[in-house]
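> following is a predicted model, sequence given first.
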Amino acid sequence: MSKISYNKTNFILKGAGDFNTKYLKIQELGSGGFSKVFRVENKLTNEVFACKELIRSKIKDKEKFENEINIMSKCDHPNIVKLIEIYEDKRHYELIMEELNGGTLTERLMEKLEEGGETFSEKEAAYIFKQIISAINYCHAQGIVHRDLKMENVLFLEKGDNLDVKIIDFGLSQYNNYQLVNIMDLISSENSKTVTMFESVGTPHYISPEVLKGKYNQKCDIWSAGVILYAMLSGKFPFNGKNDKAIYKSILKKKFEFPDKIWKSISNEAKDLINLMLCDEEKRFSAEKVLDHPWLTKLSPNIKHTISQSSINELKNYKNSNNFKRFILTCLANRLKEQDIKELKEIFLEMDKNKDGTLTPEEVKISLKKFMEENEINKIFSEIDTNNSNQIEYTEFISALIEKKEYLKEEKLLEIFKTLDKDGNGRISKDEIKKVLSGQDLDENDLKQFITKFDLDGDGQIDYYEFVSNMNDLKIK
């Protein structure tokens with residue numbers, strides 16, 4: 001049997017059935033020209049998500065919309081908003097995403113200024129900023145340029161003192177070598193790492209001078225990030241004016257100041273980093289260099305949450321599990337909330353030595369060598385790398401370390417079963433699996449072997465009893 005390849009994108013653009021049958025709208029969170037955002041509840045699991053509802057007839061730029069969906073589907077990083085499902089009917093698209101209810105970076109900064117007249121401390125700013133740059137570094141490594149990085153597009157996971165953030169809104173992003181596809185088709189995984197663009201887009205205070213001039217590359221995101229850091233530490237923008245035109249003129253001059261009244265108590269290292277981001281494009285730091293800057297490495301060091309023996313046992317169990325079970329675990333991992341997998345996220349980030357958002361064979365060997373021999377590490381790496389990319393992506397890693405007793409609850413498995421059971425007849429057929437794995441040249445024998453451990457009665461289909469029985473720790477109620 002040839003190895004069947006898949007990753008999280010296979011489980012996203014496949015919403016089965018009617019949206020209103022599965023989700024209940026709880027609260028409207030906001031609205032725009034042709035879209036609304038709701039808080040919605042999954043009727044089966046009672047989990048809460050965000051839903052962006054778009055009116056099909058009012059989407060004038062279908063290319064831009066499909067571009068956003070493609071990029072959101074491909075992005076697989078702990079600091080980038082997670083797209084869960086898409087539903088579409090004759091009138092609407094419904095985009096189901098993880099809920100980020102901690103408010104925007106702008107709102108959090110304004111709260112601090114209003115309550116105590118202070119901005120983020122350097123340590124707080126470094127913790128937040130490292131997450132932003134880590135996400136941007138990942139995007140750039142994947143050939144993706146955000147193009148509208150701003151504080152309003154950085155959201156906190158939770159309210160209160162929690163400082164974990166995610167980047168949202170890829171509507172203006174550019175994906176290099178990106179090919180438009182039908183929204184329900186498989187997304188191409190090909191990319192390259194350099195891109196030159198010519199369209200002037202973005203938000204006035206954050207736009208880089210080269211974007212205003214009309215020719216730029218991925219370093220436009222670094223400029224925008226520099227503006228964010230300046231604002232987080234000072235409560236002001238580095239480039240200002242009484243209108244957009246005046247702001248643009250200020251940006252083109254590339255001159256800004258660190259007035260003593262505000263910046264006197266802020267470290268020279270912070271100012272140095274900002275200078276290295278708000279400068280000429282050819283001198284500007286890459287995201288990788290920003291992550292290595294002393295200000296970030298000292299104030300926001302790597303979390304020393306190394307992999308434990310229990311996690312090693314999980315990896316070995318995963319290696320020995322059958323192909324279809326791994327398939328289900330990947331589907332489940334894409335639906336888990338970041339708050340529930342915080343420890344696993346920290347292990348992933350600790351193992352990711354070059355901070356590009358993926359794990360290379362060498363990075364995995366460094367972390368696992370004290371637990372096992374190299375040949376076993378290679379075997380585990382190969383099994384976790386379900387899309388055969390020679391790197392382990394975030395969701396792949398999480399799927400291999402899920403503690404069954406905690407996550408394999410019956411309501412979650414039932415939701416996954418219903419997602420795969422497209423026609424709702426109570427059985428997952430080989431044709432339905434083939435649709436999820438669209439784009440691959442799969443013959444009948446490959447599919448038969450893929451599900452053979454689950455197909456207990458040998459009828460070529462998987463019913464719910466077979467499905468749950470093979471996921472180990474559950475008793476059918």
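Yes, it's here.

> OK, contacts around the spatially most central residue of the chain?
The centre of the chain sits closest to residue 80, judged by Cα atoms, centre = their mean, with a distance of 3.4 Å. Counting by Cβ atoms under 8 Å, 6 or more residues apart in numbering, residue 80 touches 135, 138, 139, 166, 167. Using the backbone N, CA and C atoms, a C-beta is placed for each residue, glycine as well.

> repeat for residue 121
Counting by Cβ under 8 Å, 6+ apart, residue 121 has no contacts.

> residue 358 and residue 391 touch, don't they?
Yes. Assessed by Cβ atoms under 8 Å, residue 358 is found in contact with residue 391 at 4.3 Å.

> can you confirm residue 348 is in a strand?
No. According to DSSP: H, G, I helix; E, B strand; the rest coil, residue 348 belongs to no strand; its state is helix.

> residue 358 and residue 391: which has the busier surroundings?
Higher neighbour count among residue 358 and residue 391: residue 358, with 21 against 17, using other Cβ atoms under 10 Å.

> quick one: the residue nearest to the centre of the chain and residue 38, what's the gap?
Distance, residue 80 to residue 38, using Cβ to Cβ, to the nearest Å: 21 Å.

> again with residue 154
Counting by Cβ to Cβ, the gap from residue 154 to residue 38 is 21 Å.

> sketch out the low-pLDDT regions of the stretch 101-250 of the chain for me.
170-202 (pLDDT under 70).

> would you map the helices across it?
In the stretch 101-250 of the chain, the helices defined using DSSP state H, counting those that start in this stretch lie at 105-116, 122-141, 209-213, 220-234, 244-253.

> which one of these lies nearest to residue 280?
helix 209-213 (8.4 Å; Cβ to Cβ).

> and the closest one, how far from the chain's centre?
Counting by Cα atoms, centre = their mean, to the nearest Å, helix 209-213 is centred 28 Å from the centre of its parent chain.

> now for it, which elements pack on it?
If contacts are counted by 3 or more Cβ pairs under 8 Å, 6 or more residues apart in numbering; DSSP states H and E, helix 209-213 sits against helix 220-234, helix 244-253.

> nearest spatial neighbour of residue 423, skipping sequence neighbours?
Distances taken as Cβ to Cβ, 6 or more residues apart in numbering put residue 432 closest to residue 423, at 7.3 Å, once the chain neighbours are dropped.

> after the strand or helix carrying the one you found, which helix or strand is next?
For residue 432, the host element (DSSP states H and E) is helix 430-436. Counting by DSSP H and E, the element after helix 430-436 in chain order, helix or strand, is helix 444-451.

> list the strands paired with whichever helix or strand comes after that following helix, with their directions.
Using DSSP H and E, the helix or strand that follows helix 444-451 towards the C-terminus is strand 461-463. In the sheet, strand 461-463 lines up against strand 427-429 (antiparallel) (DSSP bridges).

> what's the partner strand in contact with?
417, 420, 421, 451, 460, 461, 462, 463, 467.

> ok, and the most crowded of those?
Neighbour counts for those (other Cβ under 10 Å) peak at residue 462, which has 25 neighbours.

> and it, how close does it get to residue 326?
Distance from residue 462 to residue 326, by Cβ to Cβ: 15 Å.

> cool, residue 87 as well?
To residue 326, residue 87 is 26 Å away according to Cβ to Cβ.

> for stretch 295-315, what is the distance to the chain centroid?
Computed by Cα atoms, centre = their mean, the chain-centroid distance of stretch 295-315 equals 19 Å.

> what are the buried residues along that stretch?
Residues of stretch 295-315 classed as buried by neighbour count (16 or more other Cβ atoms under 10 Å): 295, 296, 299, 300, 305, 307, 311, 312, 314, 315.

> export the residues you listed as a markdown table, with columns for distance to residue 24.
Below are the buried residues of stretch 295-315 laid out as a markdown table (distance: Cβ to Cβ, whole Å):
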| residue | distance to residue 24 |
| --- | --- |
| 295 | 46 |
| 296 | 42 |
| 299 | 43 |
| 300 | 39 |
| 305 | 36 |
| 307 | 39 |
| 311 | 36 |
| 312 | 41 |
| 314 | 34 |
| 315 | 38 |
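
> from these, which has minimum pLDDT?
pLDDT across the buried residues of stretch 295-315 is at its lowest for residue 305, which sits at 73.

> residues contacting that residue?
By Cβ under 8 Å, 6+ apart, residue 305 lies in contact with 343, 346, 347, 350.

> most widely separated two among the residues you listed?
For the contacts of residue 305, the farthest-apart pair by Cβ to Cβ is 343 and 350; their separation is 10.7 Å.

> do you have the strands of this protein handy? List them.
23-31, 35-42, 48-55, 83-88, 92-98, 144-145, 154-156, 165-167, 174-175, 427-429, 461-463 (DSSP state E).

> thought residue 78 was touching residue 338?
Yes. Contact status for residue 78 versus residue 338: in contact at 6.5 Å, counting by Cβ under 8 Å.

> compare those two (neighbour count), which wins?
residue 78 (25 against 18).

> got a pLDDT number for that one?
At residue 78, the model reports a pLDDT of 93.

> quick one, what contacts it?
Taking Cβ under 8 Å, 6+ apart, one finds 166, 338, 345, 348, 349, 394 in contact with residue 78.

> who wins for most neighbours among the residues you listed?
Neighbour-wise, the contacts of residue 78 (other Cβ under 10 Å) top out at residue 394, 26 neighbours.

> so how far is residue 418 from it?
Applying Cβ to Cβ, the value for residue 394 to residue 418 is 25 Å.

> with residue 110 instead?
42 Å.

> the two: which has the busier surroundings?
Higher neighbour count among residue 110 and residue 418: residue 418, with 17 against 14, using other Cβ under 10 Å.

> quick check, pLDDT for the more buried one.
84.

> quick check: it touching residue 424?
Yes. The pair residue 418 and residue 424 passes the contact test of Cβ under 8 Å, sitting 7.4 Å apart.

> give me the phi and psi angles of the closest residue to residue 251 other than its chain neighbours.
Leaving aside its sequence neighbours, residue 251 sits nearest to residue 239 (Cβ to Cβ, 6+ apart; 4.7 Å). Dihedral pair for residue 239: phi -120, psi 120, per degrees, to the nearest 10.

> check residue 307 too.
phi -70, psi 140.

> got the contact list for it?
Shown in contact with residue 307 (Cβ under 8 Å, 6+ apart): 347, 350, 351, 367, 368, 371.

> with respect to residue 285, which of the contacts of strand 427-429 is nearest?
residue 420 (44.7 Å).

> and residue 414, how far from residue 45?
Distance from residue 414 to residue 45, by Cβ to Cβ: 8 Å.

> any idea which of the helices and strands packed on helix 209-213 is most buried?
Mean neighbour count (mean count of other Cβ atoms under 10 Å) peaks for helix 220-234 among those, with a mean of 25.

> I'd say residue 124 and residue 163 touch.
Yes. With contacts counted by Cβ under 8 Å, residue 124 reaches residue 163, the gap being 6.2 Å.

> ok so, going back, shared neighbours of residue 78 and residue 338, which are they?
166, 345.

> so which of the buried residues of stretch 295-315 are in helices?
Among the buried residues of stretch 295-315, the ones falling in helices (DSSP state H) are 295, 296, 299, 311, 312, 314, 315.
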